[in-house]
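K.L.:
sequence below, structure please.
(one chain, ligands or ions: 2)
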Amino acid sequence: MPDHQPPVPSTERKPLSLPQKALRKMGLLRPVDMALHLPMRYEDETKLGTLGSARDGDNLQFEAVVQSCQVVFKPRRQLQAVVSDGSDSCTLRFFNFYPNMQKALEVGRKVRLRGELRGGFMGYSMMHPTVQAAGSPLAAALTPVYSSTAELPQAYLRKAVQGGLARALQSDAFTETIPREHLPPRSWGLRESLQFLHHPSPDVSLAELEDRSHPAWQRLKAEELLAQQLSQLQAKRERQLLNAPVLALSTQTDGVLAQLQAVLPFKLTGAQTRVVNEIANDVARAVPMHRLLQGDVGSGKTVVAALAAAQCIDAGWQCALMAPTEILAEQHFAKLIGWLAPVLQPLGLQVAWLTGSQKKKERDSMLAMVENGEAALVVGTHAVIQDKVHFKALGLAIIDEQHRFGVAQRLALRQKLSDAETFGEQATGAPQEPHLLMMSATPIPRTLAMSYYADLDVSTIDELPPGRTPIVTKLVAETRRDEIIERIRAQLQEGRQIYWVCPLIEESEALDLRNATDTHQDLCNALPGVMIGLLHSRMPQAEKKAVMSLFVQGQMGVLVSTTVIEVGVDVPNASLMVIEHAERFGLSQLHQLRGRVGRGAAASACVLLYSLGEHGRLSDTARARLRAMAETGDGFEIARRDLEIRGPGEFLGSRQSGAAMLRFADLAVDTELLEWAQQLAPLMLDRYPANAARHVERWLGGKSDFLKA
Ligand code: ADP
Ligand code: MG
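P.N.:
Ligands and ions are numbered 1, 2, ... in the order given. So this is what the prediction gives:
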């Protein structure tokens, strides 16, 4: 190597081995990370059992003498050996085996075996047990089993973790950060807990280890929950140091807000009034709001958004409203134009519309209005956050159905909106951010709100507008389709409208489409003379718009659609929703869909058509979902059950990515520790900021930025 080149660190020079690469891929880089890669279960190799005292399903280690050993071909090539330990005998089966295995299992030889014991009509058997020489020393501690991948053999990983743990324990990586007097009661030390969990002594209860109720596990969970609380609280406090425009409540009687209030066709519910006030107070402060507005489908979030927008415009700032789909954005646009345009026009202000499918000419004129400030309100899809969009003075950003946006999009939004050029120059020179209002119809169960969403302020609309009749939900087998068509006919005669939703078949959009087109054709045949529309995501935007507007105006009786109507669509005269292949939908999706009806005074119904599929039965989770739908219409209860069925990972969707997920703590059982962490976090940040920083670094490394999105 020529000597003018800088020395390359040795780790860079050698190509990584397969297991090394696998370690890297699992994020096991620092000794700390290795030490925190805790076993998912343990195997007990410290004792010997006997066949006579074992039961079906036991993980058994025992010593026995080989009675017979041969290769058989029934049903496929395998090595079969019968062993006996005096108390009983057991058949061993190996489908993959080396010649030396036959040696090890020579008739008459005594061997030590370990594996899962199966009891059956033909006596005990064991598949692929580990085979060792009898009489070798027993393990002194329970053997940890780590989650791993195919490229990463357990033995290699065990060694790597052991090395990492030893190095981490030698360094100051795991010195205590939590002040002793604030530890949870009866808490173990951190280093002691780690050491123990990787090498538990044989006398410990396996059950306590496995259900993670052991004090060592409790300690790790406490640490983890605290890290999560700290990082979120920190994010919140950092945000509070930023400046935001003061959107003071106008007292003018001819202001935009006052005029909007005057034209609203209904009186706000108590819950709406409460959240409107919460938001109004927030945005009137010079600190960026970061608030989640949650309210069940149909609870009336749009008007709350409109009132906040009006307050913002009165204060002389622009407001942006972003929705996840074009149809939804379109609906918002139509509604807001209706409410606000008459008020804004005399002031020389406009409502702008931005979407991906827009013609260039129209878009350019919209962009110009956004930039020169003529657009007081900008409504659109994620086109709103594109690079070319420059606000003159953005004061408030509202995201509807926020859970439909991914982490990256939310992050892009916040970064974009904190662009210096997004703002008018402010005298203070401090960083600027607009206020952020996120809306969601998927309520967050309490424990999730306390953990993953701890950095947000939450407003909840817990009351539906008056005069709604509850939606009756029926589960109906696909074979009774004809009855449903009769029902549709009856509803149509009463002047009502109907949604028919076709399933999403994930593997193939083409199949999806055929499904919807076929259903559309069937319904047209069955209901001659009725206008029946078809809506799916592959249609040109203009056609979608035309179909939707016929339905909104009431000329169209039935709308057959894929899930494009899932969010936000609002047609109060629709009173029946049929969901085909309901067993394929997620719970919150079903709830969202159902929320499209029951928006007017008429009694509404939702029919969940299910088919049993090729196995002739529904899966357990499908059954649980459908049952939940039939049993409750309450969005909070639905969310709770959804969390139960899916677990937080999937429930959180894209928010889960990064290191944000809890690995050890389980929100369903660790509520007390969660509360402890929630109380301790502010105290740690105030009184022990250095410890807090160390704690977060240890757990989240460089990844805590992701949590702020
Ligand atoms: P969501 O919370 O699902 O976004 P929307 O904002 O679409 O709900 O409101 C659902 C329907 O209820 C709309 O037709 C809306 O105009 C109506 N609405 C909202 N608030 C009230 C109220 N206080 N009284 C009567 N109707 C209301
Ligand atoms: Mg909505």
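K.L.:
just give the closest residue to Ser299, not the sequence neighbours.
P.N.:
Excluding the flanking residues, the one nearest Ser299 by CB to CB, 6 or more residues apart in numbering is Ile461, at 4.3 Å. Where you see a C-beta, it was placed from the backbone N, CA and C, and this is true even at glycine.
K.L.:
count the residues that sit near whichever residue of the stretch 151-300 of the chain sits closest to ligand 1.
P.N.:
Going by CB to the nearest ligand atom, ligand 1 is nearest to Gly300 of the stretch 151-300 of the chain, at 2.9 Å. For Gly300, the count of nearby residues is 20 (other CB atoms under 10 Å).
K.L.:
now do the contacts for it.
P.N.:
The contact partners of Gly300, taken as CB atoms under 8 Å, 6 or more residues apart in numbering, are 268-269, 272, 461, 464-465.
K.L.:
for the residues you listed, which single residue is the most surrounded?
P.N.:
If you count neighbours using other CB under 10 Å, the busiest of the contacts of Gly300 is Ile461, which has 25 neighbours.
K.L.:
for that residue, give me the backbone phi and psi.
P.N.:
Backbone torsions for Ile461, taken as degrees, to the nearest 10, come to phi -90, psi 110.
K.L.:
per-residue confidence for Met366?
P.N.:
Note for Met366: predicted pLDDT of 95.
K.L.:
that one and ligand 1, how far apart?
P.N.:
24 Å (CB to the nearest ligand atom, to the nearest Å).
K.L.:
that residue: what's its closest spatial neighbour, skipping adjacent residues?
P.N.:
Among residues not flanking Met366 along the chain, Ala352 sits closest, at 4.7 Å (CB to CB, 6+ apart).
K.L.:
hang on, Asp482 in a strand?
P.N.:
No: remark: Asp482 does not belong to a strand; assigned using DSSP: H, G, I helix; E, B strand; the rest coil, it is helix.
K.L.:
burial of it, as a residue count?
P.N.:
9.
K.L.:
and the strands in the stretch 301-450 of the chain, which stretches?
P.N.:
Secondary structure of the stretch 301-450 of the chain (DSSP state E, counting those that start in this stretch): strands located at 318-322, 350-354, 375-380, 394-399, 435-440.
K.L.:
dump the ones you listed into a markdown table; add mean pLDDT, mean neighbour count and distance to Ser87 as well.
P.N.:
Output for these, formatted as a markdown table (pLDDT from 0 to 100; neighbours: other CB atoms under 10 Å; distance: least, CB to CB, whole Å):
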| stretch | mean pLDDT | mean neighbour count | distance to Ser87 |
| --- | --- | --- | --- |
| strand 318-322 | 94 | 27 | 70 |
| strand 350-354 | 94 | 23 | 77 |
| strand 375-380 | 95 | 27 | 75 |
| strand 394-399 | 92 | 27 | 67 |
| strand 435-440 | 91 | 24 | 61 |
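K.L.:
can I get those strands in a markdown table including distance to ligand 1?
P.N.:
Output for those, formatted as a markdown table (distance: least, CB to the nearest ligand atom, whole Å):
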| stretch | distance to ligand 1 |
| --- | --- |
| strand 318-322 | 12 |
| strand 350-354 | 17 |
| strand 375-380 | 14 |
| strand 394-399 | 12 |
| strand 435-440 | 7 |
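K.L.:
nearest to Ala133, of the ones you listed?
P.N.:
Nearest to Ala133, of all the strands of the stretch 301-450 of the chain, is strand 435-440, at 61.5 Å by CB to CB.
K.L.:
name every strand pairing with the closest one and say which way it goes.
P.N.:
Sheet partners assigned to strand 435-440 using DSSP bridges are listed as strand 290-295 (parallel), strand 394-399 (parallel).
K.L.:
which one of the ones you listed lies closest to Gln232?
P.N.:
Smallest distance to Gln232 across the strands paired with strand 435-440 (CB to CB): 10.9 Å, for strand 290-295.
K.L.:
what's the closest non-adjacent residue to Ala574?
P.N.:
Gln497 (4.4 Å).
K.L.:
distance of that neighbour from Asn515?
P.N.:
Separation of Gln497 from Asn515 (CB to CB, to the nearest Å) stands at 21 Å.
K.L.:
repeat for Phe551
P.N.:
From Phe551 to Asn515 the distance is 20 Å (CB to CB).
K.L.:
so between these two, which is more surrounded?
P.N.:
Relative neighbour count places Phe551 above the other of Phe551 and Asn515, with 25 against 20, counting by other CB under 10 Å.
K.L.:
what helix or strand is the more buried one on?
P.N.:
helix 541-552 (DSSP states H and E).
K.L.:
which secondary structure elements does that helix contact?
P.N.:
Judged by 3 or more CB pairs under 8 Å, 6 or more residues apart in numbering; DSSP states H and E, helix 541-552 is in contact with helix 326-344, strand 532-535.
K.L.:
how about those, which one is nearest ligand 1?
P.N.:
Among the helices and strands packed on helix 541-552, helix 326-344 comes nearest to ligand 1, with 7.5 Å by CB to the nearest ligand atom.
K.L.:
next one: that closest one to chain centre, how far?
P.N.:
Mean-position distance between helix 326-344 and its chain equals 30 Å (CA atoms, centre = their mean, to the nearest Å).
K.L.:
contacts for that helix?
P.N.:
By CB under 8 Å, 6+ apart, the residues outside helix 326-344 that reach it are 256, 259-260, 263-264, 302, 306, 309-310, 313, 321-323, 350-351, 353, 355-357, 376-377, 379-381, 400-401, 541, 544-545, 548, 564-565, 567-570.
K.L.:
count the neighbours of the residue nearest to Phe95 when sequence neighbours are not counted for me.
P.N.:
Sequence neighbours aside, Gln78 is the residue nearest to Phe95 in space, at 5.1 Å (criterion: CB to CB, 6+ apart). Close neighbours of Gln78, defined as other CB under 10 Å, add up to 17.
K.L.:
am I right that Gln78 is in contact with Thr91?
P.N.:
No: here Gln78 lies out of contact with Thr91, judged by CB atoms under 8 Å, at a distance of 10.6 Å.
K.L.:
count residues in the vicinity of the closest residue in space to Ser357 that isn't next to it in sequence, would you?
P.N.:
Using CB to CB, 6+ apart and skipping the chain neighbours, the partner closest in space to Ser357 is Gln541 (4.1 Å). Counted with other CB under 10 Å, residues neighbouring Gln541 total 14.
K.L.:
I'd like to know how far Gln541 sits from Cys502.
P.N.:
Gln541 sits 20 Å away from Cys502, going by CB to CB.
K.L.:
Thr251 now?
P.N.:
Note on Thr251: its distance to Cys502, by CB to CB, is 51 Å.
K.L.:
for Trp353, same thing?
P.N.:
29 Å.
K.L.:
now Gln294
P.N.:
Applying CB to CB, the value for Gln294 to Cys502 is 29 Å.
K.L.:
is Thr449 in contact with Ser459, as I believe?
P.N.:
In this structure residue 449 is Ala, not Thr. No: assessed by CB under 8 Å, Ala449 is found out of contact with Ser459, at 11.8 Å.
K.L.:
re the thing from before, will you turn the strands of the stretch 301-450 of the chain into CSV that also has distance to Arg55?
P.N.:
As requested, those are exported to CSV (distance: least, CB to CB, whole Å):
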stretch, distance to Arg55
strand 318-322, 59
strand 350-354, 66
strand 375-380, 64
strand 394-399, 55
strand 435-440, 49
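K.L.:
state the number of residues packed around Met238.
P.N.:
Residue 238: Glu, not Met. 12.
K.L.:
which strand or helix spans it?
P.N.:
Here Glu238, judged by DSSP H and E, is contained in helix 215-240.
K.L.:
residues of that helix that come out buried?
P.N.:
By neighbour count on 16 or more other CB atoms under 10 Å, the buried set for helix 215-240 is 216-235, 239.
K.L.:
cool, and stretch 623-640?
P.N.:
Using 16+ other CB under 10 Å as the test for burial, stretch 623-640 gives 624-626, 628-629, 633, 635-636, 638-640.
K.L.:
will you turn those into CSV that also has secondary structure, pLDDT and distance to ligand 1?
P.N.:
Shown next, in CSV, are those (DSSP: H, G, I helix; E, B strand; the rest coil; pLDDT from 0 to 100; distance: CB to the nearest ligand atom, whole Å):
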residue, secondary structure, pLDDT, distance to ligand 1
Ala624, helix, 91, 25
Arg625, helix, 92, 21
Leu626, helix, 94, 23
Ala628, helix, 93, 20
Met629, helix, 94, 17
Gly633, coil, 88, 13
Gly635, helix, 84, 10
Phe636, helix, 82, 14
Ile638, helix, 88, 14
Ala639, helix, 83, 15
Arg640, helix, 82, 19
